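J.: Predicted model and sequence below, questions to follow.
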Amino acid sequence: MTWFYAFDLFGVAVFAISGALVAGRKSMDLFGVLVIAIITSLGGGTLRDAILDNHPVSWIRNDVYILVAVLAAIGTILWVRFTRPIHETGLLIADAFGLAVFTVIGTQVALQHDVPVSAAVIMGVMTGVAGGVMRDVICNEIPLIFHKEIYATACIAGSVVYIALHQLNTTPNLDVTISVLTVLVIRLAAIRWHLGLPRFHLLDRDPPDRDQ
Amino acid sequence: MTWFYAFDLFGVAVFAISGALVAGRKSMDLFGVLVIAIITSLGGGTLRDAILDNHPVSWIRNDVYILVAVLAAIGTILWVRFTRPIHETGLLIADAFGLAVFTVIGTQVALQHDVPVSAAVIMGVMTGVAGGVMRDVICNEIPLIFHKEIYATACIAGSVVYIALHQLNTTPNLDVTISVLTVLVIRLAAIRWHLGLPRFHLLDRDPPDRDQ
Amino acid sequence: MTWFYAFDLFGVAVFAISGALVAGRKSMDLFGVLVIAIITSLGGGTLRDAILDNHPVSWIRNDVYILVAVLAAIGTILWVRFTRPIHETGLLIADAFGLAVFTVIGTQVALQHDVPVSAAVIMGVMTGVAGGVMRDVICNEIPLIFHKEIYATACIAGSVVYIALHQLNTTPNLDVTISVLTVLVIRLAAIRWHLGLPRFHLLDRDPPDRDQ
């Protein structure tokens, strides 16, 4: 379990870095960078806990989460300013790892509240992706996850695998390991070969409705 | 009550369709279409329940809601791809019906929590319109409801009518029926004759404040 | 305590005015103006209470809050239409005062829930600024607070001062007064001399990632 806690903190750090980078692209000030980093890394879990009525939320129960997010954001700023640019591929791989851990944690927490399978999958996906959606919405962009290579689909697969193994009563470490690997492998394959879901293109047939 | 449950599910389906259509206009992928459909149809009620501390929220208590939203979104994609385009007027009428049912449900739930009248009206309106606002914010548009014909005003009227009839202790079916009809009639009249509220135009007098 | 309640209502009114003005710049209709005013003035506290599980939230417990927000929004529309334009400096000073009061209230509420110091500071800042962030996100702008003069930093300072004085067990009025003044002085100084935090400029080095 301590291994898993370390992975969780690693996921927080990675998501905080991605938040700080998007904030930097928008030329936000230092406070803005910290806020976006915190929201990106802890927003998904907070939303899940508020909907599940699972209180206190993680970063209120344990202030290490905030500390890790803040340090990761400050470290990102210093790194970009004083050294070479961010290694994009390294960040993508780290992000895939954080995504996998967050998804499995979210599914676990939901199952502990005896929710239906559909809600558990949604909670897993929400924990993995909602922080990034909040980051993009606040930064005034259409969330990246709805456009680029397979991302949330990997979360759905990992969440379903976890639920199946959990109901089969495998050893606790086995279900976690296999489901984390499921997300990771799908996501890394999508990055490597630019796999994407088909898009739904709908021409705007009713201009009078869009009067703005 | 079973009639009302059927109406509720019909509202979920209609709002999911409208979410899928907006996502399609933004060329989202299949996952994005599903997420926007779910958020549009269930986001308003979820926000209401989180603020009211009314747990578990509807789609966690009963997984039929998610199922209906997902099927409606997938059906929309197939319909647009393989048949003729969406019948806009039919959709607007169905949307008005969903709006009416959601508003009355939201007001009912709030009254069961013994909130003041002002909060009950806000909860009714929130249940009716917040899902659509979330859809537009995530899709990076200024929410339609703040610009176009009377929409939320119909919800306010229906919510107030419901509260009044409820306090007069009319028969349960009567208060629901009349308040649903109130929303429906106002909304359909607004669509038919393009009725809108006056707008508040404020020129941007302080450009230095908008330094972005 | 009654003084503080009056200050709280004053903060609600000031934030509602700022919400109504931003809505007016977007030419929203009357309903949109009311909604943005309510969200700006009560959104931060509502988010804090949902995350802290502090129910019922303020405006459900006491309907004076909604009344003040609605009256302030309507008053703003009438004022702009029938008299001279808004006195921007006066509004900024009033806004600084509301910010100070909201921050201290948010920190107080968090401490009553026995949260760690980091979470109490976040709750204080959130109560002060989240309503404005919601206003800007819904109005499709990058939140002002991440770009302009020191704003949230003043909240952080005031929240930390309040926590320190509270743990030193000073008289209740003294800790509130000093921490409100801390926010107020920093914010007014930032307005007067255009003080800002350094920004984090990051060039967009990975165009293929932004494929939209």
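T.: Cool, the structure landed. Because the structure is a prediction, the values reported are computed rather than measured.

J.: what helix or strand is the spatially most central residue of chain A on?
T.: Nearest to the geometric centre of chain A sits A:Gly128, at 3.3 Å (Cα atoms, centre = their mean). In this assignment (DSSP states H and E), A:Gly128 forms part of helix A:117-138.

J.: ok, that helix near chain C or not?
T.: Yes - for helix A:117-138, a contact with chain C is found by Cβ under 8 Å from any Cβ of the partner chain, at A:Val137, A:Ile138. For the C-beta atoms, the positions are set from N, CA and C on the backbone; glycine is no exception.

J.: And the next helix or strand past that helix?
T.: Next along from helix A:117-138, by DSSP H and E: helix A:152-167.

J.: angle of that following helix against helix A:117-138?
T.: In terms of direction (axes from the mean of the first three to the mean of the last three Cα atoms, to 10 degrees), helix A:152-167 departs from helix A:117-138 by 150 degrees.

J.: List the buried residues for helix A:152-167?
T.: A:152-163, A:165-166 (16 or more other Cβ atoms under 10 Å in any protein chain shown).

J.: Redo the residues you listed as TSV? Include distance to B:Val64 and pLDDT.
T.: Shown next, in TSV, are the buried residues of helix A:152-167 (distance: Cβ to Cβ, whole Å; pLDDT from 0 to 100):
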residue	distance to B:Val64	pLDDT
A:Ala152	23	83
A:Thr153	24	87
A:Ala154	27	91
A:Cys155	23	93
A:Ile156	19	93
A:Ala157	24	94
A:Gly158	25	95
A:Ser159	20	96
A:Val160	19	96
A:Val161	24	96
A:Tyr162	23	95
A:Ile163	19	95
A:Leu165	26	94
A:His166	23	91
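
J.: near chain B, anything from the helix holding A:Gly128?
T.: Yes - contact of helix A:117-138 with chain B (Cβ under 8 Å from any Cβ) involves A:Val117, A:Ser118, A:Ala119, A:Ile122, A:Val133, A:Val137.

J.: Pick the one among these closest to C:Ala37.
T.: Nearest to C:Ala37 among the residues of helix A:117-138 next to chain B: A:Val137, at 21.1 Å, using Cβ to Cβ.

J.: surely that closest one meets C:Ile138?
T.: No - A:Val137 lies out of contact with C:Ile138 (Cβ atoms under 8 Å); the separation is 10.0 Å.

J.: Between those two, tell me which one has more neighbours.
T.: Higher neighbour count among A:Val137 and C:Ile138: C:Ile138, with 27 against 19, using other Cβ atoms under 10 Å in any protein chain shown.

J.: which stretches of chain A form helices?
T.: Secondary structure of chain A by DSSP state H: the helices cover A:2-25, A:30-52, A:58-61, A:64-82, A:88-112, A:117-138, A:152-167, A:172-193.

J.: Tell me which residues of the longest one come out buried.
T.: Spelled out, that is helix A:88-112. Result for helix A:88-112 [16+ other Cβ under 10 Å]: buried residues A:91-92, A:94-111.

J.: Please apply the same query to the fourth one.
T.: For helix A:64-82, the buried set under the neighbour-count rule, 16+ other Cβ under 10 Å, comprises A:Val64, A:Tyr65, A:Ile66, A:Val68, A:Ala69, A:Val70, A:Ala72, A:Ala73, A:Ile74, A:Thr76, A:Ile77, A:Val80.

J.: mean confidence for that helix?
T.: Averaged over helix A:64-82, pLDDT sits at 92.

J.: same check, this time on the longest one
T.: The predicted model assigns helix A:88-112 a mean pLDDT of 89.

J.: what angle separates it from helix A:117-138?
T.: Using the same axes, to 10 degrees: helix A:88-112 against helix A:117-138 is 140 degrees.

J.: Helix A:88-112 near chain B at all?
T.: No - using Cβ under 8 Å from any Cβ, helix A:88-112 stays clear of chain B, coming no nearer than 8.5 Å.

J.: Going by contacts, tell me the helices and strands next to that helix.
T.: On a contact count with 3 or more Cβ pairs under 8 Å, 6 or more residues apart in numbering or on different chains; DSSP states H and E, helix A:88-112 meets helix A:2-25, helix A:30-52, helix A:117-138, helix A:152-167, helix A:172-193.

J.: Contacts (any at all) between chain C and the second one?
T.: Translated: helix A:30-52. Yes - applying Cβ under 8 Å from any Cβ, one finds helix A:30-52 touching chain C at A:Leu30, A:Phe31, A:Gly32, A:Val33, A:Val35, A:Ile36, A:Ile38, A:Thr46, A:Ala50.

J.: what about the residue nearest to A:Phe15 when sequence neighbours are not counted, how many neighbours?
T.: Leaving out its chain neighbours, the residue that sits closest to A:Phe15 by Cβ to Cβ, 6 or more residues apart in numbering or on different chains is A:Ser41, at 3.9 Å. For A:Ser41, the count of nearby residues is 33 (other Cβ under 10 Å).

J.: Also A:Gly44?
T.: A:Gly44 has 27 neighbours, counted by other Cβ under 10 Å.

J.: got it, and A:His87?
T.: 10.

J.: Thanks again, I'm all set now.
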